[in-house]
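K.L.:
generate a structure from the sequence data that follows.
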Amino acid sequence: MPPATDPSHALRASLREAGIELDYPEAVMAEVATWQQSPGIDDASLDDRTAVPFVTVDGPGTRDLDQALFVEQRDDGFAVQYAIADAAHFVRPGSALLEESLRRGASYYLPGEAVPMLPRALSEDLVSLAPAVDRRAMVFDMRLDATGHCTNTKIVRARIRSRQQLTFDEVEAVVSGRAQSRVEDPEIVASLVAMRAVGQRLAELAEARGVVPYHRSEVRVHLDRGVDARLTAVEVARNFVEADNAQLSLLCNSEGARILRDRVDAGAQAQPIYRVHPPPDDDSLAQLEASVTATARAHGLDGPWRWDRTRESLAEFVRRLPNDHAHARLVAALSRQAIMINVRSTYAGKPGPHHGVGTEVYARFSAPMREVVGVYLHKEMWELLSGEGDEPGRDQVLRQRVIEAANRSRALQSELGRAADQLVIDALFAGDLAQPVATRPVHRGTLMGMRRGRVYVRLDDPPLDVKVYIDQLERDYGCDEHGVVLTRAGRTIARLGDPVAVRVLDRAGNGRWMLDFV
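P.N.:
Below is the predicted model:
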């Protein structure tokens, strides 16, 4: 058990309060032991694809390897084989493993550790697509034309053998040729180069579908272990390989959802689960347009900073925003405003569009070791393709349980993320209280938005959000109707996207940090 001084101790406590323990019930571990004795890797019904030079591409140190890929460039386009770990073979209806997966809903990621949905003997060993061992997989065998449009998809249950476990940076080195690489197999090198070409074409198609290219970066909270363990937040750059791999994953999820929907529409007995993401409504878009107009006016800007939603989509506006250092704060603030009008995506039993991906239908096939919805979707696909479906009424009950578990786990992971961010902020500001107010450190950042008496500031270091509760300060603060211009005693002190500085005043009884602008 980690010591109470470990700053992530509170996050583990939050997991336990939600019913998520680090250990697994005895019945679950008994099933794992049985699978270890007879994993079904030599199943004669599996399509043998061990000769295909698959590789996995993930972040450094990843052990639960969900996906492996092989891409070939051909005269008429591309052949993509995208293998996803066959967790559904091991996690079956009526099993203790499925019941535990339903209780957890997903794997959870805390600073310094992961709490996997499936026991590590499965998620990091028997199911994981590790190199140089045979594994079961769902293979999306897809043909793409020269523009990246998918012209045919076949899904097979197969036995594969990954050749290498590669990181995003290693693949970038191979594709760019900027450094010597440990990848020597010419087939694998050609596959990685083809993956880059496919990723670019899929990104171009996403652009054509109106997918909004938000200007945002990923922030991760890390646990620095040592005598005094502490949490730190760092901004992580995403290289093109990670984006290309994500495009392939999105393609599989879209194709899998399309196949399920079309088969059900044709009368097949299946109970799919879709990820549905409605677009922003017209009122939200109108408010955003007014905010963009007010921001451009406040900054004295014109041209690319103006948006007329009757003539241009939001995606087109965001895409043409200047991407340079001089305007980085303003672009980040405008992107945040655009993100804020989005409706949350949810899991549902009926198909619907996914605005964020720009597809008519979408489902989460790609992470079955980390999400119970993936296990369930694989089961439904296998039953559909084999014609050996379960009793419809029973599957309807199970589907609803999976939907509830999936939505619940997403909310819990979001709560854990916010809690981790707060721990970083708490540690940063706690030391400030030991000094007189006038000499306390000044924390610099960007004004990201204003509403209902709160001003949102993104700190430069750490790159996290804090709130200034201007309605609780003695100074005469105010803002315009669009939440763009911040005033004090009637005078402008900052605009949306401006650099600002804040200082800690106190900590309220409810735990809120009381800040003021310097």
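K.L.:
so where is the protein shaky, pLDDT-wise?
P.N.:
Residues of the chain meeting the criterion pLDDT under 70: 1-5, 225-229, 389-392.
K.L.:
where is the longest helix in it?
P.N.:
helix 392-430 (DSSP state H).
K.L.:
next secondary structure after it?
P.N.:
Using DSSP states H and E, the helix or strand that follows helix 392-430 towards the C-terminus is strand 443-451.
K.L.:
buried ones in that following strand?
P.N.:
His443, Gly445, Thr446, Leu447, Met448, Gly449, Met450 (16 or more other Cβ atoms under 10 Å). Where you see a C-beta, it was placed from the backbone N, CA and C, and this is true even at glycine.
K.L.:
partner strands of it, parallel or antiparallel?
P.N.:
strand 454-459 (antiparallel), strand 499-507 (antiparallel) (DSSP bridges).
K.L.:
now it, how far from the centre of its chain.
P.N.:
24 Å (Cα atoms, centre = their mean, to the nearest Å).
K.L.:
same check on stretch 412-426?
P.N.:
With Cα atoms, centre = their mean, you get 16 Å for stretch 412-426.
K.L.:
give me the distance between the two termini of stretch 456-468.
P.N.:
7 Å (Cα to Cα, to the nearest Å).
K.L.:
same check, this time on stretch 58-70
P.N.:
Terminal-residue distance, stretch 58-70 (Cα to Cα): 14 Å.
K.L.:
from the chain's centre, how far out does that stretch sit?
P.N.:
Centroid displacement of stretch 58-70 relative to its chain, using Cα atoms, centre = their mean, is 15 Å.
K.L.:
run through who's touching that stretch.
P.N.:
Residues from elsewhere that reach stretch 58-70, judged by Cβ atoms under 8 Å, 6 or more residues apart in numbering: 52-57, 80-85, 107, 114, 116, 120, 123-124, 128-130, 137, 160, 162, 165-169, 191, 195, 245, 248-249, 366-370.
K.L.:
for Gly358, which non-adjacent residue is spatially closest?
P.N.:
In space, and not counting its chain neighbours, Gly358 is closest to Arg209: 3.5 Å by Cβ to Cβ, 6 or more residues apart in numbering.
K.L.:
burial check on the one you found, number of neighbours?
P.N.:
Applying other Cβ atoms under 10 Å, we find 12 residues neighbouring Arg209.
K.L.:
returning to that earlier point: in the longest helix of the chain, what counts as buried?
P.N.:
Across helix 392-430, burial judged by 16+ other Cβ under 10 Å covers 395, 398-399, 402-403, 405-410, 412-413, 416-417, 419-425, 428-429.
K.L.:
what of stretch 476-493?
P.N.:
Residues of stretch 476-493 classed as buried: Tyr477, Cys479, Asp480, His482, Gly483, Val484, Val485, Leu486 (neighbour count, 16+ other Cβ under 10 Å).
K.L.:
hang on, the last one is in a strand, isn't it?
P.N.:
Right, Leu486. Yes - in this structure, Leu486 lies within a strand as judged by DSSP: H, G, I helix; E, B strand; the rest coil.
K.L.:
from Arg512, how far out is it?
P.N.:
Applying Cβ to Cβ, to the nearest Å, the value for Leu486 to Arg512 is 19 Å.
K.L.:
can you list the domains in the chain?
P.N.:
As recorded under automatic domain parsing, the domains making up the chain are 9-275+347-422, 436-517.
K.L.:
out of those domains, nearest to Ser291?
P.N.:
Taking Cβ to Cβ, domain 436-517 is the member of the domains of the chain nearest to Ser291, at 4.8 Å.
K.L.:
please state the offset of the closest one from the chain centre?
P.N.:
How far domain 436-517 lies from its chain's middle: 29 Å, per Cα atoms, centre = their mean.
K.L.:
quick check: end-to-end length of it?
P.N.:
One end of domain 436-517 to the other measures 16 Å (Cα to Cα).
K.L.:
same question for stretch 297-317.
P.N.:
Start-to-end, stretch 297-317 (Cα to Cα) is 16 Å.
K.L.:
do the same with stretch 30-47
P.N.:
End-to-end distance for stretch 30-47: 29 Å, by Cα to Cα.
K.L.:
for that stretch, which positions count as buried?
P.N.:
Glu31, Val32, Trp35, Pro39, Leu46.
K.L.:
now Arg103: closest residue in space that isn't a chain neighbour?
P.N.:
Closest to Arg103 by Cβ to Cβ, 6+ apart is Gly19, at 6.5 Å.
K.L.:
doesn't that neighbour lie inside a strand?
P.N.:
No - counting by three-state DSSP, Gly19 falls outside a strand, being coil.
K.L.:
that one: neighbouring residues, count only.
P.N.:
Neighbours of Gly19 under the rule other Cβ under 10 Å: 9.
K.L.:
my understanding was that it contacts Glu100; is that so?
P.N.:
No - applying Cβ atoms under 8 Å as the test, Gly19 and Glu100 come out as separate, 10.8 Å apart.
K.L.:
out of the strands paired with strand 443-451, which gets nearest to Leu301?
P.N.:
Here strand 499-507 is closest among the strands paired with strand 443-451 (Cβ to Cβ), at 16.2 Å.
K.L.:
got the CA positions of the closest one in PDB?
P.N.:
Once non-C-alpha atoms are left out, strand 499-507 reads as follows in PDB (Å, rounded to 0.1, in the frame of the first residue of the first chain):
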ATOM      1  CA  PRO A 499      -1.400  37.200 -21.300                       C
ATOM      2  CA  VAL A 500      -2.400  37.700 -17.600                       C
ATOM      3  CA  ALA A 501      -0.900  37.200 -14.200                       C
ATOM      4  CA  VAL A 502      -2.500  36.100 -11.000                       C
ATOM      5  CA  ARG A 503      -1.600  35.800  -7.300                       C
ATOM      6  CA  VAL A 504      -2.900  33.700  -4.500                       C
ATOM      7  CA  LEU A 505      -4.900  35.600  -1.900                       C
ATOM      8  CA  ASP A 506      -6.300  32.800   0.300                       C
ATOM      9  CA  ARG A 507      -7.900  29.400   0.300                       C
END
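K.L.:
redo the buried residues of stretch 30-47 as CSV? Include secondary structure and distance to Gln472.
P.N.:
Shown next, in CSV, are these (DSSP: H, G, I helix; E, B strand; the rest coil; distance: Cβ to Cβ, whole Å):
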residue, secondary structure, distance to Gln472
Glu31, helix, 54
Val32, helix, 53
Trp35, helix, 57
Pro39, coil, 60
Leu46, coil, 63
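K.L.:
most packed of the strands paired with strand 443-451?
P.N.:
strand 454-459 (a mean of 20; mean count of other Cβ atoms under 10 Å).
K.L.:
how about the strands in the stretch 151-300 of the chain?
P.N.:
Secondary structure of the stretch 151-300 of the chain (DSSP state E, counting those that start in this stretch): strands located at 164-167, 218-224, 230-236, 274-276.
K.L.:
most packed of these?
P.N.:
Ranked by mean neighbours (mean count of other Cβ under 10 Å), those are led by strand 274-276, with a mean of 22.
K.L.:
helices or strands next to that one in the packing?
P.N.:
Here strand 274-276 touches helix 240-265, strand 346-348, going by 3 or more Cβ pairs under 8 Å, 6 or more residues apart in numbering; DSSP states H and E.
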